[in-house]
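Undergrad: Pasting the sequence and the predicted model now:
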Number of protein chains: 2
Amino acid sequence: MFPFSLYVVTHPTHADDAQASGVCAAVACLLDRVAAAIDGGARLFQYRDKQATRRAMFETATALRHLTRAYGAVLIVNDQIDLAQAVQADGVHLGQDDLPVSVARKMLARGAIVGVSTHDVDAAIRAETDGADYVGFGPLFATATKQITRPPLGIAPLREVAARIAIPIYAIGGIRRDHLAEIIAAGATGVAAVSGVAGDVRENVAANVATWIRQLAESSTATRTHPDSLVKEGGLPEALGGVSKT
Amino acid sequence: MFPFSLYVVTHPTHADDAQASGVCAAVACLLDRVAAAIDGGARLFQYRDKQATRRAMFETATALRHLTRAYGAVLIVNDQIDLAQAVQADGVHLGQDDLPVSVARKMLARGAIVGVSTHDVDAAIRAETDGADYVGFGPLFATATKQITRPPLGIAPLREVAARIAIPIYAIGGIRRDHLAEIIAAGATGVAAVSGVAGDVRENVAANVATWIRQLAESSTATRTHPDSLVKEGGLPEALGGVSKT
C-alpha cells in the first residue's frame, strides 16, 4: 500500500518564496515545485496550507490532483476531509486536534488513505488501533516549519514505535539528509519532508528528491530487514526494535 | 422549507462570557444558550466558531445536534462541510471564500440545506444561480461580531435582492429589535442574529428570542405579502420590490 520512502509535504512558502521573487503566481509555483519533486521520483504528496482560504485551497488542490494523477502520484490532503473529498484526493492526513480517524473513515470512499500526526508512542499506537493507514511521527529534530514547536523526540521513541505498530511510519521534523540512514535503521518506512527537500530553490528540487530517495533506498537495503516488506507481512517483529520501553 | 423568521448564529463568546464568570464549562454554556433560544421559540441555528480546533468543534456540534434534534430544530454548520456531514447536521453555511455551492451540494446528502453569505446584490443573485437554498445578506448595519468589518449596506440593497431572487433571505449584521419591521418590509425572510439575541445574559435569551419572533411575525403580517408564502409560490414578484436598481 505504501511503497514510498519519501513523503513530500507542501508548504505555503514553497509558493510564497518564489512569488516574492516575482517569478510566478503562487499556485503555479507550488505546482512547479511538486512537478520537480515528481521529476525527482517522489510519488507521495501531502497538500498542507494552514493559511489560505478554503476556496483558494480548493483551487490549488484541484490543480495538484490533476498533476499528481497524471504521474500516478498519491495526493493526501491535510486536515480538511471535505477538501479531500471535493478534489478526489487519495486520502486525508489528520492532526491530533482534527476529526477522529473513525469519523473520517466513514465519510471517505472505500480504500481512502487516512494518516495521523503523532507526537509520542502512545498516540502512534492509538492511531493504529483507531484504524489509521499510516502515522507521521515527530518532530524527530528541531524544525522551524510549524508555528507550534514541540520538543524534538529524537530517534529512541521512533525505534519504540516501529517495534509496536505495524502500519507505515513516516518520520517528520527537521530531517536532514545525514539523518536518513539512522531513521530507516530505527524502523521508519520513510521520511516526510517539508523544507528539507522541496523548500529548496526550484532548480535543485528534482535533484535533491532523487538523492534522498536513493539514499533512503540504500539505507533500507543496509538495514537488516526492509520495513516496507515487514509491513506487508503484518507488522514489525519485536526483535527488530531493540527498544527500551519508557 | 424555511418557515423560520429568526436564524440564531452561535458565537464563541456565548460560551466564553459565561465561562469567564466561572458558571460552567464552555460547551455546556453554549448548549444552555441554545436551549434557552429553543425555549423562546427559535428553530433554526447555525453553529459557527472560527477559533476552536476541529476536534473541539466536532464535540460541540455533536452535542448541538442531539439538542436541536430533540426539539425538531434545524442545525446548520458554518464553513466545514465535513463537520456538517460528521454530525449529520441539516446543512452547511458557506462564505464567499469557502468551497463552492456546487461542490458542497455534491458532497452532502440529498435534501441538505446549503446557505451562502452574500455582501452585495450580485453575490446574492449568483448564490441563487449556483443553487443555494438561502442567502445571508449583510452586514446591514455596523456590527462588532466579526473580525473583518465591512461597510454596512443599509436597507436599499436588501430591497433589491428581495426583488431579484426567490430563495429565502436572512438579513444579518448589527440588527436590533427596532430594525425588524423595516427589514421584513424590505422583503427579507427573517434575520440572522448573533449578539443581538443570544449574546445576552442567559436569563434573557428565551424572553428576547420570543420577543423577536413575535415582532418578526407582526412585521410579516403588516407587510402586504408575507415573504415566506411568496417563496413557496416560486419567487418574489417584481411588483413587491419597489426597487431602485443601483
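TA: Everything's here; your move. The shown structure was predicted, so the numbers you read here are calculated from the model rather than taken from an experiment.
Undergrad: Show me which residues of chain A sit near chain B.
TA: A:53-56, A:58, A:79-83, A:85-86, A:96-100, A:103-104, A:107 (Cβ under 8 Å from any Cβ of the partner chain). No exception for glycine: its C-beta is placed from N, CA and C like everyone else's.
Undergrad: Buried only: go through these for me.
TA: A:54-55, A:58, A:79-83, A:85-86, A:98-100, A:103-104, A:107 (16 or more other Cβ atoms under 10 Å in any protein chain shown).
Undergrad: check contacts around A:Ser102.
TA: Residues near A:Ser102 by Cβ atoms under 8 Å, 6 or more residues apart in numbering or on different chains: A:130-131.
Undergrad: So it lies in a helix, does it not?
TA: Yes - assessed by DSSP: H, G, I helix; E, B strand; the rest coil, A:Ser102 belongs to a helix.
Undergrad: now, which of the buried ones among the residues of chain A next to chain B sits nearest B:Gly131?
TA: Nearest to B:Gly131 among those is A:Ala86, at 15.4 Å by Cβ to Cβ.
Undergrad: What separation is there between that closest one and B:Asp98?
TA: Distance, A:Ala86 to B:Asp98, using Cβ to Cβ, to the nearest Å: 11 Å.
Undergrad: which residue sits closest to A:Val101 in space, ignoring its chain neighbours?
TA: A:Asp130 (4.1 Å; Cβ to Cβ, 6 or more residues apart in numbering or on different chains).
Undergrad: Test my guess that A:Val194 contacts A:His11.
TA: Yes - when contacts are counted by Cβ atoms under 8 Å, A:Val194 is listed as touching A:His11 (5.0 Å).
Undergrad: How about the contacts made by A:Asp49?
TA: A:10-12, A:57, A:60, A:78.
Undergrad: What about those, which are in strands?
TA: A:Asn78 (DSSP state E).
Undergrad: Show me which of the contacts of A:Asp49 is closest to chain B.
TA: A:Met57 (8.8 Å; Cβ to the nearest Cβ).
Undergrad: Can you dump the C-alpha atoms of the longest helix along chain A in PDB for me?
TA: If you go by DSSP state H, chain A has its longest helix at helix A:202-222. Written as PDB, here are the backbone C-alpha positions of helix A:202-222 (Å, rounded to 0.1, in the frame of the first residue of the first chain):
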ATOM      1  CA  ARG A 202      13.200  25.100  -7.700                       C
ATOM      2  CA  GLU A 203      16.300  24.100  -9.800                       C
ATOM      3  CA  ASN A 204      17.500  21.800  -7.000                       C
ATOM      4  CA  VAL A 205      14.200  20.100  -6.100                       C
ATOM      5  CA  ALA A 206      14.300  17.300  -8.600                       C
ATOM      6  CA  ALA A 207      18.000  16.500  -7.900                       C
ATOM      7  CA  ASN A 208      17.500  16.700  -4.100                       C
ATOM      8  CA  VAL A 209      14.500  14.500  -4.200                       C
ATOM      9  CA  ALA A 210      16.300  11.900  -6.300                       C
ATOM     10  CA  THR A 211      19.200  12.000  -3.900                       C
ATOM     11  CA  TRP A 212      17.000  11.500  -0.900                       C
ATOM     12  CA  ILE A 213      15.100   8.700  -2.400                       C
ATOM     13  CA  ARG A 214      18.300   6.900  -3.500                       C
ATOM     14  CA  GLN A 215      19.800   7.300   0.000                       C
ATOM     15  CA  LEU A 216      16.600   6.100   1.600                       C
ATOM     16  CA  ALA A 217      16.700   3.000  -0.600                       C
ATOM     17  CA  GLU A 218      20.300   2.400   0.200                       C
ATOM     18  CA  SER A 219      19.500   2.800   3.900                       C
ATOM     19  CA  SER A 220      16.700   0.300   3.600                       C
ATOM     20  CA  THR A 221      18.900  -2.300   1.900                       C
ATOM     21  CA  ALA A 222      21.600  -1.700   4.600                       C
END
